[in-house]
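>>> fold the following.
(one chain, ligands or ions: 1)
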Amino acid sequence: MTLMNAHPAAASGAGRQEPDDPELGDPVPELGWPVGVVSDRLGIAAPTLRSWDRRHGVGPSLRTSGNHRRYTELDMRRVQLMARLTAQGVPAQSAADSVLAMDARSIAERLGAGGVTVGATAPGAAAVVDDEIDRDGVPESDVAQADAADIVESIVAAARALDARTMSLLYRQVMRRREVGAAWVEVFAPALRRVGDLWREGRLGVQAEHLTSELLQSELRAVVRANRLRVAGRPVVLAGADDEQHHLPLLALEAELARHGVASLFLGPRVPSEALVAALRESRPRAVFLWASIARPGVEPLWRDLAVVDWDLEVVIGGPGWADGIVVPAGPVVLTRVTDFGTAVRALTSSPGGLTR
Ligand code: B12
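The predicted model follows:
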């Protein structure tokens, strides 16, 4: 009996299996695994496996000369990852696109060090149903148990497919299980970075980046709205540097501060230096947080303009865009650079006059 390549992914190179690849674990048996064995080992119904192969191209790479399907180890890993993603609410086609775009190493990483545990049920597989039978029937607990990296992958898959509904569902489920700060650090920021990397590599359109950030803005603003009655006191000012369009970290901060009962004056992205200084003079905050993702120009009028500040003001700067060695005018202004979300929150929530450095 001879074996033939039957799967487009096997021929295309996307995730192609190299016979000697040490990542792939056990050698493939001469004829690969039949669908019944894969079903037993991964705990996924055989009709679901056939449907994923027929409709979404996630199936066996090999067929016998008698045209029987045979799964390689890599095929099994693809199926296992597909099961995880669909269990988290990612539509089957988006999950398939994502899985088929990954190489063997990425799939192994996504599944964890152990890869396919032959003979065990794939995490979430018991809840896996054919998406045509029950596309929405994903128990929330599956998402809660899924580790952050898996959710990030699901968000990226939803971005790829411009699937707003799934993305919103994932965002909401993340928020239901985590405080907004943890949600940002563990899931949202990594997902954004991944989306940004894929965009830079030309593997994702800017429209996917827009969708990812627009929907996230809604979720973060909802947290601010929900906490509106809790906030009190002199607001801290949150602003994007002049010409800086990125402002999601500011929204995440506003949401987290609101949860702590700290009021903010949210000025959004691209705040010109003179407008910022005017806002500072009017509101006389104890702290202002400034975000920059994009490299700032060599000369920043803001630092000079801060000479008008005549009250104790902590200027907290965050984001990769700020240069080193910024000098502020001598006087009551103190400049603090923060490199992570938690430190920014601590700097902005500490008591007046006693800001954390
Ligand atoms: C969403 C997004 C957009 C959206 C912004 C929408 C919005 N409302 O904010 C849109 C589509 C508008 C956009 C536009 C552009 N974007 Co953009 N965008 C992004 C994306 C995907 C996320 C931005 C974000 O929120 N980052 C914040 C966090 C998630 O990422 P981070 O800063 O790397 O996080 C580090 C630290 O800052 C820290 N951290 C994380 N969170 C927090 C929070 C706080 C408070 C602190 C203190 C620290 C901290 O942890 C990380 C360290 O490991 C990033 C990818 C990226 N890596 O940032 C690209 C990215 C920032 N964009 C990029 C580019 C090039 C642009 C454009 C110039 C594209 C263009 N040609 O028009 C324009 C910007 C124009 C301008 N003048 O500002 C590049 C910037 C490269 C560079 N260094 O110059 C990036 C990095 C994408 C990439 N990989 O190349 N973008």
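>>> use CA for all of it now, contacts and neighbours both
OK.
>>> which sections of the protein are below the confidence cut-off?
1-31, 113-146, 351-357 (pLDDT under 70).
>>> quickly find the element holding the spatially most central residue of it.
Nearest residue to the geometric centre of the chain (CA atoms, centre = their mean): A191, 1.7 Å. Assigned by DSSP states H and E, A191 belongs to helix 189-200.
>>> what's the answer for A239, then?
Secondary structure (DSSP H and E) places A239 in strand 232-240.
>>> could you pull out the buried residues of whatever helix or strand comes next after that strand?
Reading on from strand 232-240 to the C-terminus, the next helix or strand found by DSSP H and E is helix 248-259. Buried residues in helix 248-259, counting neighbours by 16 or more other CA atoms under 10 Å, are found at 248-259.
>>> what's the strand holding A239 packed up against?
helix 248-259, strand 262-268, helix 273-283, strand 287-291 (3 or more CA pairs under 8 Å, 6 or more residues apart in numbering; DSSP states H and E).
>>> ok, back up a step: would you list the buried residues of helix 248-259 in CSV and tack on distance to the ligand?
Below are the buried residues of helix 248-259 laid out as CSV (distance: CA to the nearest ligand atom, whole Å):
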residue, distance to the ligand
L248, 4
P249, 5
L250, 7
L251, 9
A252, 7
L253, 6
E254, 10
A255, 11
E256, 10
L257, 11
A258, 14
R259, 15
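>>> on that earlier part again, what lies in contact with the helix holding A191?
Helix 189-200 is contacted from outside by 152-153, 155-156, 204-206, 208-209, 212-213, using CA atoms under 8 Å, 6 or more residues apart in numbering.
>>> among these, which ones lie close to the ligand?
209, 213 (CA under 6 Å from any ligand atom).
>>> any chance of the contacts of helix 189-200 in a markdown table, with secondary structure and neighbour count too?
Shown next, in a markdown table, are those (DSSP: H, G, I helix; E, B strand; the rest coil; neighbours: other CA atoms under 10 Å):
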| residue | secondary structure | neighbour count |
| --- | --- | --- |
| V152 | helix | 22 |
| E153 | helix | 22 |
| I155 | helix | 31 |
| V156 | helix | 27 |
| L204 | coil | 18 |
| G205 | coil | 16 |
| V206 | helix | 15 |
| A208 | helix | 21 |
| E209 | helix | 19 |
| T212 | helix | 26 |
| S213 | helix | 19 |
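>>> can you pull out the strands in the stretch 51-200 of the chain?
62-64, 69-70 (DSSP state E, counting those that start in this stretch).
>>> residues in contact with the last one: which ones?
Spelled out, that is strand 69-70. Contact partners of strand 69-70, identified using CA under 8 Å, 6+ apart, comprise 31-35, 60-64.
>>> so which of these wins on neighbours?
Using other CA atoms under 10 Å as the neighbour test, the contacts of strand 69-70 are led by P60, with 30 neighbours.
>>> wait, it sits on T72?
Yes - under the criterion of CA atoms under 8 Å, P60 makes contact with T72 at 6.8 Å.
>>> same list (the buried residues of helix 248-259) but as TSV, adding distance to S283.
Listed next are these as TSV, based on distance: CA to CA, whole Å:
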residue	distance to S283
L248	23
P249	22
L250	18
L251	19
A252	22
L253	19
E254	17
A255	20
E256	21
L257	18
A258	18
R259	21
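>>> and of these, the nearest to L276?
L250 (14.8 Å; CA to CA).
>>> ok, now which ones touch that closest one?
238-240, 266, 268, 291.
>>> E282: neighbouring residues, count only.
A total of 9 residues lie near E282 under the criterion other CA under 10 Å.
>>> same thing with the one 10 residues further on?
When neighbours are defined as other CA under 10 Å, A292 has 25 of them.
>>> that one reaches D243, doesn't it?
No - look at A292 against D243 with CA under 8 Å: they stay out of range, at 9.1 Å.
>>> buried stuff in stretch 36-51?
Under 16+ other CA under 10 Å, the buried positions of stretch 36-51 are 38-39, 41-45, 48-51.
>>> rewinding a little: anything in the helix holding A191 near the ligand?
Yes - Helix 189-200 reaches the ligand (CA under 6 Å from any ligand atom) through 189, 192-193, 195-197, 200.
>>> residues near the residue nearest to V174 when sequence neighbours are not counted, how many?
The shortest distance from V174 to any non-neighbouring residue, by CA to CA, 6 or more residues apart in numbering, is to A183 (6.4 Å). For A183, the count of nearby residues is 18 (other CA under 10 Å).
>>> equivalent analysis for L267, please.
For L267, the neighbour count with other CA under 10 Å is 16.
>>> again with A182
When neighbours are counted by other CA under 10 Å, A182 comes out with 16.
>>> for this protein, which residues are neighbours of the ligand?
So the chain meets the ligand at 189, 192-193, 195-197, 200, 209-210, 213, 243-249, 293-295, 318-320, 338-341, 344 (CA under 6 Å from any ligand atom).
>>> which of these are buried?
Of these, these count as buried by 16+ other CA under 10 Å: 189, 192, 195-196, 209, 213, 244-249, 293, 318-319, 338, 341, 344.
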